[in-house]
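1. give me a 3D structure for the following:
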Amino acid sequence: MPQLDNPKINIKIQLAGLWASLMSLYIYADYFQFFTPGHIGDMMAGKVILDTPSKLFAASILMAVPALMIALSLLLPAPISRWVNIITAAFYTGLLLLIGISSSGEWMLFYIFYAFLESLVTAIIVWKAWKWPLVQTHA
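-> Residues are numbered from 1 along each chain as shown. Here you go, the predicted structure:
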């Protein structure tokens, strides 16, 4: 049986791909939340968590940072990218675990599932950035 080529993927591309995956998970979790009973009605009645300009702005920042990390993982110099990825992903891992733990109810099982997957992705980002390959020098 012929062997398939499995080229090594640059760590920056791996990290950007993981951040992109995280953003996809965020989008789907928020999208599926529209299908929970009463959610649309609560939104129409103004009964939402993001009920003030400052809360909406804070949530916007929380969503913008991972989106920007896709590009920053590729564009920042390696030493800076490594630490920015470690610190940012560690923060989001904790935040996502907290969201998953604090979610309850039969209709929120999907949200707990997504929070678990999202925290797993951010934990992998921390691990990959921590294990960032060193430059190979040939003497």
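
2. tell me the buried residues in the host helix or strand of residue 99?
-> Assigning secondary structure by DSSP states H and E places residue 99 in helix 78-102. By neighbour count on 16 or more other C-beta atoms under 10 Å, the buried set for helix 78-102 is 81-82, 84-86, 88-90, 92-93, 96-97, 99-100. For glycine as for every other residue, the C-beta is placed from the backbone atoms N, C-alpha and C.

3. make CSV out of those residues and add distance to residue 113 and pLDDT.
-> Supplementary listing: the buried residues of helix 78-102 in CSV, determined by distance: C-beta to C-beta, whole Å; pLDDT from 0 to 100:
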residue, distance to residue 113, pLDDT
81, 30, 98
82, 30, 98
84, 28, 98
85, 24, 98
86, 26, 98
88, 23, 98
89, 20, 97
90, 22, 97
92, 17, 95
93, 16, 95
96, 12, 90
97, 13, 91
99, 12, 85
100, 8, 84
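
4. out of the residues you listed, flag the one nearest to residue 123.
-> If you rank the buried residues of helix 78-102 by distance to residue 123 using C-beta to C-beta, residue 93 comes first, at 5.1 Å.
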